[in-house]
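Trainee: turn this into a model:
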Amino acid sequence: MSKFGELIDVEIPVLLDFFAVDEQSHSMHAILRDVAAALGDKAKVIKIDVDKNKELAEALRVKNLPTLIIYKNGEMKWRQTGAQDSDTLIGLIQEYV
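Mentor: Below is the predicted model of the structure:
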């Protein structure tokens, strides 16, 4: 958990994508790649495989996938379950830049 704290306790927004390896998650990967490219070093985009990080997913009560969460300075700013388009995600993250 301490590593997770280090990931989210930064001054730039951090978008976490909780996913599982399956067909549906592939479409979000392309969207997240576009988001990361558009934002550059203004934000971080981190994908977290729930099968490899069960303890973290349980601690954050991730029940459905994908679950997207934005943190800034260690504080959760936004959370939603379900796919989002790149323009929506970029707009949301830019609110916290």
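Trainee: all helices of this structure, in order?
Mentor: 2-8, 25-39, 54-59, 86-94 (DSSP state H).
Trainee: dump the residue contacts of Ile48.
Mentor: Applying Cβ atoms under 8 Å, 6 or more residues apart in numbering to Ile48 gives the contacts 16-19, 56-57. All C-beta spots, glycine's among them, are computed from the backbone N, C-alpha and C.
Trainee: same deal with Val21?
Mentor: 49, 51.
Trainee: which pLDDT value goes with it?
Mentor: For Val21, the model assigns a pLDDT of 85.
Trainee: partner residues bridging the most centrally placed residue in the chain?
Mentor: Residue closest to the mean C-alpha point of the chain, counted by Cα atoms, centre = their mean, is Leu16 at 1.6 Å. Beta-bridge pairing of Leu16 under DSSP bridges involves Ile46, Ile69.
Trainee: tell me the contacts of it?
Mentor: Counting by Cβ under 8 Å, 6+ apart, Leu16 has contacts 8, 46-48, 68-71.
Trainee: and what of Ile46?
Mentor: 7, 14-17.
Trainee: mind running it again at 10 Å?
Mentor: 4, 7-8, 14-18, 32, 36, 69, 71 (Cβ atoms under 10 Å, 6 or more residues apart in numbering).
Trainee: just Gly5 next, same as before
Mentor: So Gly5 contacts Gly74 (Cβ under 10 Å, 6+ apart).
Trainee: ok, back up a step: out of the contacts of Leu16, which comes closest to Arg61?
Mentor: Ile69 (10.7 Å; Cβ to Cβ).
Trainee: residue contacts, that closest one?
Mentor: So Ile69 contacts 8, 14-18, 46, 48, 60, 62, 76-81 (Cβ under 10 Å, 6+ apart).
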